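Chemist: Curious how this folds, go ahead:
(one chain, ligands or ions: 2)
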Amino acid sequence: MNKVPFIKFNNGLKCPIFGLGTWKSNPGEVTQVVKDAIDIGYRHFDCAFIYENEKEIGKGIKEKLDEGVVKREDLFITSKLWNTKHEKEKVLPAIKASLKDLGLDYLDLYLVHWPFAFQEIPGNIWAKDEKGHWLTSDVDFTETWKGMEECVDNGLAKSIGVSNFNTKQIQAVLDIARIKPVNNQIECYPYLNQKKLIDFCHAHDISVTSYGPLGRPFMDNSLQLLDDPVLMQISAKYNKSPAQVALRYQVQRNVIVIPKTITKSRLHENFNIFDFNISTEDMKSIDELDRNKRLVTFSELSKHKHYPFLED
Ligand SMILES: NC(=O)C1=CN([C@@H]2O[C@H](COP(=O)(O)OP(=O)(O)OC[C@H]3O[C@@H](n4cnc5c(N)ncnc54)[C@H](OP(=O)(O)O)[C@@H]3O)[C@@H](O)[C@H]2O)C=CC1
Ligand SMILES: O=C1CO[C@H](CO)[C@@H](O)[C@@H]1O
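Modeler: Ligands and ions are numbered 1, 2, ... in the order given. As a prediction, the model looks like this:
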């Protein structure tokens, strides 16, 4: 079995550099996917309240724990605080709800999913009005961070971090933090390589996780990373697939990577990236594919005071 290296967080916790994404993993399929993934050697699972499948993921984890295939301490489980729960007093109940669904006593990592907040309306977790407009709120993420720290104080999360935060927003958290964020999870793939933001995070001892590392091929988009001629040429050279090269690229930049798949052959394919090295020259060619092509934009929120994507 391939060995997945770890990234050491600023609090000493070790995080496998490779994990499984679960956004859009159908609740009816994801239990089996999680079990297959654990059998293959996956130990890191990226989850979120808003993915609406944490119960089914928890079921897969529980079956493998009960079978004795893995112990809880072998696993690294992330979840994320949804935007409707940014008020400080809502954070502990929110993590408890995710833990209950996942069937766990603690998370390894709990992230603030987005810097902007939504209004909490019962039965409307996506917080949209009847015209499809987001119902936003002005809660400041520094208030949210105080609630995140309580998750660590109470032993519910071993570490806490952020997601989709820009450099200024991370700095604002660092300025008030009693417990430093360990991680920023951001969209990152060769067409949006995020060099500046990654350099900033690494300089502050904050690890980075790449989401959408394959360029989200399910999105109807004219630029399909996995068909990129440069990536295809490089992958042929190493006898690997373009997906494997895109994933290996992140690992070699010390970026944690969490590709999503529900397809068993792809679970294997994506996992098999620890037996080759991309040369410095080829890493440079992949760097040069950058074209600032952001796929997750939330552009309707661009006027919100905490919208993160108007600067690095
Ligand atoms: N913090 C945040 O705001 C966000 C976090 N995330 C996290 O990051 C994870 C990964 O990002 P995601 O948006 O899912 O995008 P990815 O770039 O991981 O793409 C996933 C898609 O790629 C397909 N795929 C997987 N492996 C291969 C392969 N080897 N060859 C070809 N196609 C492949 C999957 O299909 P199939 O499943 O059918 O095999 C799926 O359609 C998410 O699942 C989620 O956990 C994602 C977005 C935002
Ligand atoms: O994690 C997520 C998955 O992707 C979605 C967008 O397509 C985001 O809303 C969300 O943050």
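
Chemist: is it true that Asn154 touches Val91?
Modeler: No - Asn154 lies out of contact with Val91 (C-beta atoms under 8 Å); the separation is 10.3 Å. Any C-beta I mention is one placed from the backbone N, CA and C, and that applies to glycine too.

Chemist: Can you give the contact residues for the one helix or strand Leu111 maps to?
Modeler: Per DSSP states H and E: Leu111 is located in strand 109-112. Identification of contacts with strand 109-112 by C-beta atoms under 8 Å, 6 or more residues apart in numbering yields 15, 76-81, 86, 95, 98, 141, 144-145, 148, 151, 156-163, 165, 182-183, 185.

Chemist: Which of those residues fall within strands?
Modeler: 15, 76-81, 160-163, 183, 185 (DSSP state E).

Chemist: between those residues, which is nearest Lys55?
Modeler: Ser79 (12.2 Å; C-beta to C-beta).

Chemist: Verify the stated contact: the closest one with Ile95.
Modeler: Yes - Ser79 lies in contact with Ile95 (C-beta under 8 Å); the separation is 7.4 Å.

Chemist: Quick check: closest non-adjacent residue to Lys264.
Modeler: In space, Lys264 comes closest to Asp36 once its chain neighbours are excluded; the distance is 5.6 Å by C-beta to C-beta, 6 or more residues apart in numbering.

Chemist: ok, that neighbour to ligand 1 distance?
Modeler: In this view, Asp36 and ligand 1 are 12 Å apart by C-beta to the nearest ligand atom, to the nearest Å.

Chemist: From Phe45, how far out is that residue?
Modeler: Plainly put, Asp36 is 12 Å away from Phe45 if you go by C-beta to C-beta, to the nearest Å.

Chemist: Compare those two (neighbour count), which wins?
Modeler: Taking other C-beta atoms under 10 Å, Asp36 and Phe45 do not tie; Phe45 has more neighbours (26 against 17).

Chemist: and the more buried one, what helix or strand is that in?
Modeler: Per DSSP H and E, Phe45 falls inside strand 44-46.

Chemist: What are the contacting residues of the helix or strand just after that strand?
Modeler: Going down the chain from strand 44-46, the next helix or strand is helix 54-67, by DSSP H and E. Residues from elsewhere that reach helix 54-67 (C-beta under 8 Å, 6+ apart): 22, 25, 27-28, 30-35, 38-39, 45, 47-48, 70-72, 75, 77, 79, 98, 101-104.

Chemist: Go ahead and produce CSV holding the CA coordinates of helix 54-67.
Modeler: C-alpha atoms of helix 54-67 as CSV (Å, rounded to 0.1, in the frame of the first residue of the first chain):
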residue,chain,number,x,y,z
GLU,A,54,-22.3,13.6,7.1
LYS,A,55,-24.6,10.9,8.6
GLU,A,56,-23.9,8.6,5.7
ILE,A,57,-20.2,9.3,5.8
GLY,A,58,-20.3,8.6,9.6
LYS,A,59,-21.9,5.2,8.9
GLY,A,60,-19.0,4.2,6.6
ILE,A,61,-16.5,5.3,9.2
LYS,A,62,-18.3,3.5,12.0
GLU,A,63,-18.4,0.2,10.0
LYS,A,64,-14.6,0.3,9.4
LEU,A,65,-14.0,1.2,13.1
ASP,A,66,-16.2,-1.7,14.2
GLU,A,67,-14.5,-4.1,11.9
